[in-house]
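Chemist: Sequence and predicted structure, then a few things I'm wondering about:
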Amino acid sequence: MEFAKEFVGQHPVLVVSLVKIAVLLFVVMTALAYLTWFERKVVARIQSRWGPYYVGAHGLLQPLADGLKFLFKEDMTPPTSDKFTYTIAPFLALALALTAIALIPFGPPNIQVLGQSVFMISNLDIGLLFLFAITSIGVYGVALAGWSSNSKYPLLGGLRSSAQMISYEVSLTLSVVGVLLIAGTLNFNDIISGQSGYYLHFIPRWHVIPQIVGFLCYITAAIAETNRIPFDLPEAETELVAGFHTEYSSFKFAMFFMAEYANMITVSCLATILFFGGWLSPFPDSWTWQNYLPGAGLILLGIYCAYDTVVNMRGIAKIQFAVVTMLCLGGGAITLLPMVAPVIQGPFWLTTKVIAFLFFYVWTRGTLPRFRYDQLMDFGWKLLLPVSLANLVVTSFVMIVPYLRHG
Amino acid sequence: MSVIPISYYLVLSAILFGLGAVGVVFKRNIITILMSIELMLNAVNLAFVAFARAHGQIDGLVFVFFVIVVAAAEAAVGLAIVIMVTNNRQSLNVERINLLKF
Amino acid sequence: MSVPFLVFFACAFMAVLGAVLLLVSWEPIHSALSLILVMMSLAVLYLLLGAEFIAAVQIIVYAGAIMVLFVFVIMLLNAGNEERTDWSKIAKVVGLPMGFFLLLLIARSLSRSVAGAAIANGVGAQSNAAVSTRDLSTALFRQYLFPFEATSILILIALLGAWILARKDD
């Protein structure tokens, strides 16, 4: 015990970082699993059906069932494939997708334990640039998966998918440069701090308001970059069987699946940080009642779950949903404690905004048809790139006008 | 926390440059030769950054920036030429591209 | 053995391993992957030397765009294995020892020169502090503005050249 205390005292950075990484990994993997549930439910409701309903109460154990299914399937490797590249491609995709989440700040930097800030794993001065670096290496997971399967459909799907990713990456980076001009820094915390304050005392000074064109370009390029509908021709089932992950089964396929959802989460977090104020709340700081919002929200959810348990659930689902009710009410009570309430503000607002973005992602998936591949490439190079460039030129012109008169 | 002497980086740069030169001379696939040239450029970049740190000047880093950009342009044009040559000769072996040999 | 030394030796080992694999691989796609390994370890070395912007640019441009181009061309041209021919006898017997001897000669004459002595005696890094992006961009856009603009014209020419060379003649 003494040795542990001394070790923690001498190496605070190492110990706190390891704890943060473990917690973040756990939270992100759970979030990935329940993002699949969320998507299936929302797409089902858009299509006038129920979605997963039987596996747990309201289908809440469906991700667990899917995970077990992936683990127990037979793991086949095509005999003429390039074994090393075939094995390494899904690991590469998942590792890169999870690494990108480590750069994101989940709350204000002044909340600290042992001198290390709790809510971010790394505070790089060039954080945004590193995130783009990780995204640009993510192309290899797709390209190598398509090539190493040694089969027609994966090769075509892989080449098309990676060509699409590198095309939209250019527009993605350019649409963000307008925000960088306004913020003046590549550090995530400074970008968020620059968005505090209010226009006219009640409109928050978020970057989406001066940079609305940049935001629209960013969200379009982000949907294309993560290979989602309406830009998912390379992995559409009616076109190319399953695209670059046709020949993958069981756990490796699950890794590609998780990598795609992790990319979605990363891109949503980035949109929140760059354009919507990150962990800042939209209400002025003087409204202290907003400390009770997370608790109030969770308790309301708990009350709805209690009503649903009593009225609608039968059998084992009743017990499962009763447990969910307890969790909601308990979580709500904990967040109302005066010690916890100010700390939980930052992550609460970031999570709310990210969930709103993910809902938007799933909404477009359920609503829009997909682009044909040549239409997709035309759109990327002939429309999105000039619009991003025009946004950059106009932003820099507007930024420089106040300095022109003084020489 | 001690600082690594610059000569270590220069030795690594020399080794990588030598390996890249061996690749250019001894390999027969055009694309592998182009990749060995990129390896040599990377070794030179490492030497530049090491010297920029040694003298405390930023000009080394600016030069590295330009080397990376020029390498990108050269790779694009080089690979376009490789595609053209392959369409004509149906082989990626440099020893087959010998029509101008006396 | 402090942490920077460990990181340096790990990355140096990976860089040399990648370079050797580049030379030794039969398939071009494995050579491309080895080169990507070299570039990533070099990016970590740039971070050790305090050039964080250059490390990010190396990953984005070199490992993330140029090597993607190489990998695409290898996949499109379906580049097969290298042909197996043996080296000439001279290369095998005399080549490697002579190369090693030449290297020793160059190293000896370099270490006795003035610049070499300065380097060996530790004109070393004063600290591991990072160079800020702001300083680098100030130098790039004030002192080196003309090369910057010339390089952008160079990229435009390369773009046009690559397009004209690679299109089908109809």
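Modeler: The structure has been received and is ready for your questions.
Chemist: helix or strand for the most centrally placed residue in chain C, which one?
Modeler: Nearest residue to the geometric centre of chain C (Cα atoms, centre = their mean): C:Met39, 6.3 Å. If you go by DSSP states H and E, C:Met39 is part of helix C:28-48.
Chemist: avg pLDDT for that helix?
Modeler: The predicted model assigns helix C:28-48 a mean pLDDT of 94.
Chemist: check whether that helix contacts chain B.
Modeler: Yes - using Cβ under 8 Å from any Cβ of the partner chain, helix C:28-48 reaches chain B at C:Pro28, C:Ser31, C:Ala32, C:Leu35, C:Val38, C:Met39, C:Leu42, C:Leu45, C:Tyr46, C:Leu48. Backbone N, C-alpha and C define where each C-beta goes, glycine included.
Chemist: What is the burial count for the third one?
Modeler: It refers to C:Ala32. C:Ala32 is flanked by 25 other residues according to other Cβ atoms under 10 Å in any protein chain shown.
Chemist: for it, what are its contacts?
Modeler: C:Ala32 sits next to B:Met35, C:Met67, C:Phe70, C:Val71, C:Ile74 when contact means Cβ atoms under 8 Å, 6 or more residues apart in numbering or on different chains.
Chemist: Hmm, the third one is touching B:Ile31, no?
Modeler: This points to C:Phe70. Yes - the pair C:Phe70 and B:Ile31 qualifies as a contact (Cβ atoms under 8 Å) at a distance of 6.7 Å.
Chemist: who touches both of these two?
Modeler: Listed as contacting both C:Phe70 and B:Ile31 by Cβ under 8 Å, 6+ apart are B:Leu79.
Chemist: residue of the stretch 301-407 of chain A with the smallest distance to chain B?
Modeler: A:Trp381 (15.8 Å; Cβ to the nearest Cβ).
Chemist: So that residue sits against A:Ser167, correct?
Modeler: Yes - the pair A:Trp381 / A:Ser167 is scored as a contact, 6.2 Å apart, by Cβ under 8 Å.
Chemist: Low-confidence regions, chain A specifically.
Modeler: A:236-243, A:406-407 (pLDDT under 70).
Chemist: tell me which element the residue minimising distance to the centre of it is part of?
Modeler: The centroid of chain A falls nearest to A:Ile265 when counting by Cα atoms, centre = their mean (0.9 Å). Using DSSP H and E, A:Ile265 sits in helix A:250-275.
Chemist: still on that earlier bit, now for the residues of helix C:28-48 next to chain B, which pair is the farthest apart?
Modeler: C:Pro28 and C:Leu48 (30.6 Å; Cβ to Cβ).
Chemist: So which of the two has more stuff around it?
Modeler: Taking other Cβ under 10 Å, C:Pro28 and C:Leu48 do not tie; C:Pro28 has more neighbours (26 against 20).
Chemist: which residues touch the more buried one?
Modeler: So C:Pro28 contacts B:Asn29, B:Ile31, B:Thr32, C:Ile74, C:Ala79 (Cβ under 8 Å, 6+ apart).
Chemist: Would you mind giving those as a markdown table with secondary structure and distance to A:Phe38 added?
Modeler: Compiled in a markdown table, the contacts of C:Pro28 are given as follows (DSSP: H, G, I helix; E, B strand; the rest coil; distance: Cβ to Cβ, whole Å):
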| residue | secondary structure | distance to A:Phe38 |
| --- | --- | --- |
| B:Asn29 | strand | 49 |
| B:Ile31 | helix | 45 |
| B:Thr32 | helix | 47 |
| C:Ile74 | helix | 39 |
| C:Ala79 | coil | 44 |
